[in-house]
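Visitor: here is my input; please provide its structure:
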Amino acid sequence: MTDEITWVLQAQQGSGEAFTQIVEIYQKPIYNLCYRMLGEPTAAEDAAQETFLRVYQNLHRYDLSRAFGTWILSIAAHYCIDLLRKKKFTVFSMDAENDDGIAFELPDISTPDPEAESVKRDMHSRLHLLLKDLDEIDRAAVVMRYWHDFSEKEIAQSLNLTVSAVKSRLHRSRRAMAGMWNENDMSQIRPERRTYESPAF
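Guide: Residues are numbered from 1 along each chain as shown. Presented below is the predicted three-dimensional model:
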């Protein structure tokens with residue numbers, strides 16, 4: 001039995017110390033998923049804290065036959081989906097694959113560069129247009145797949161979809177993003193992607 005499962009079992013029995021261990025393990029992955037979904041650090045931090053509250057309240061429902069990481073990230077994804085359905089957020093720095101399986105990457109417009117403010121503003125607008133047509137479920141599927149390495153089966157379990165539906169959503173999202181990317185003539189801009197890893201607490 002792994003330490004993680006031991007902590008989960010102890011937390012299910014009411015151990016605060018064990019739950020603290022779970023938070024320490026997952027605070028960065030949870031924050032990063034929330035940030036990719038919501039696009040705002042403050043909103044992501046609030047969502048991460050709400051996620052851990054919901055995890056604590058629902059630990060008794062966790063099925064040991066399922067990977068705990070998948071379960072806890074699914075809770076975060078569903079919470080973010082609910083938020084996105086209530087309010088529109090801007091999401092920065094996403095990448096995907098085109099239909100040929102070739103990765104393309106969107107630029108991180110938050111990198112300081114005094115000489116390129118006008119370019120950054122234009123890219124900000126283009127990125128918003130690039131992502132605005134992805135609905136909440138599609139966005140969650142893309143984030144889970146390309147940032148957290150969820151399998152299609154895990155995404156299906158997390159979002160209550162069939163595997164074929166996940167494949168369809170990912171394919172449609174890649175095509176939409178790649179098509180808009182090419183239309184905006186941004187395919188040659190490939191700066192490195194920044195990883196945001198701010199703790200949730």
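Visitor: from now on I want contacts and neighbour counts done on CA atoms only, so please keep to that.
Guide: OK.
Visitor: hey, which helix is longest across the chain?
Guide: Using DSSP state H, we find that the single longest helix of the chain is helix 16-38.
Visitor: so what touches the following helix or strand past it?
Guide: The C-terminal neighbour of helix 16-38 among helices and strands, as given by DSSP states H and E, is helix 41-58. The set of residues external to helix 41-58 that reach it, using C-alpha atoms under 8 Å, 6 or more residues apart in numbering, is 19, 23, 27, 30-32, 34-35, 38, 72, 75-76, 79-80, 199-201.
Visitor: if we use 7 Å, what do you get?
Guide: For helix 41-58, the surrounding residues in contact (C-alpha atoms under 7 Å, 6 or more residues apart in numbering) are 30-31, 34-35, 38, 72, 75-76, 200.
Visitor: all helices of this protein, in order?
Guide: Counting by DSSP H, the helices of the chain are 3-12, 16-38, 41-58, 68-86, 117-132, 136-147, 152-159, 163-183.
Visitor: could you tell me the angle between the second one and helix 68-86?
Guide: Computed with axes from the mean of the first three to the mean of the last three C-alpha atoms, to 10 degrees, the direction of helix 16-38 lies at 50 degrees from that of helix 68-86.
Visitor: check which helices and strands helix 16-38 sits against.
Guide: Secondary-structure packing of helix 16-38 (3 or more C-alpha pairs under 7 Å, 6 or more residues apart in numbering; DSSP states H and E): helix 3-12, helix 41-58, helix 68-86, helix 136-147.
Visitor: give the burial count for residue 137, as a bare number.
Guide: 20 (other C-alpha atoms under 10 Å).
Visitor: whoops, I mixed them up, residue 66
Guide: 11.
Visitor: need phi/psi at it.
Guide: phi -100, psi 140 (degrees, to the nearest 10).
Visitor: that one and residue 16, how far apart?
Guide: Residue 66 is 22 Å from residue 16, where distance means C-alpha to C-alpha, to the nearest Å.
Visitor: who are the neighbours in contact with the closest residue to residue 161 other than its chain neighbours?
Guide: Leaving aside its chain neighbours, residue 161 sits nearest to residue 155 (7.7 Å; criterion: C-alpha to C-alpha, 6 or more residues apart in numbering). Residues counted as contacts of residue 155 (C-alpha under 7 Å, 6+ apart) are 141, 144, 166.
Visitor: alright, calling it a day.
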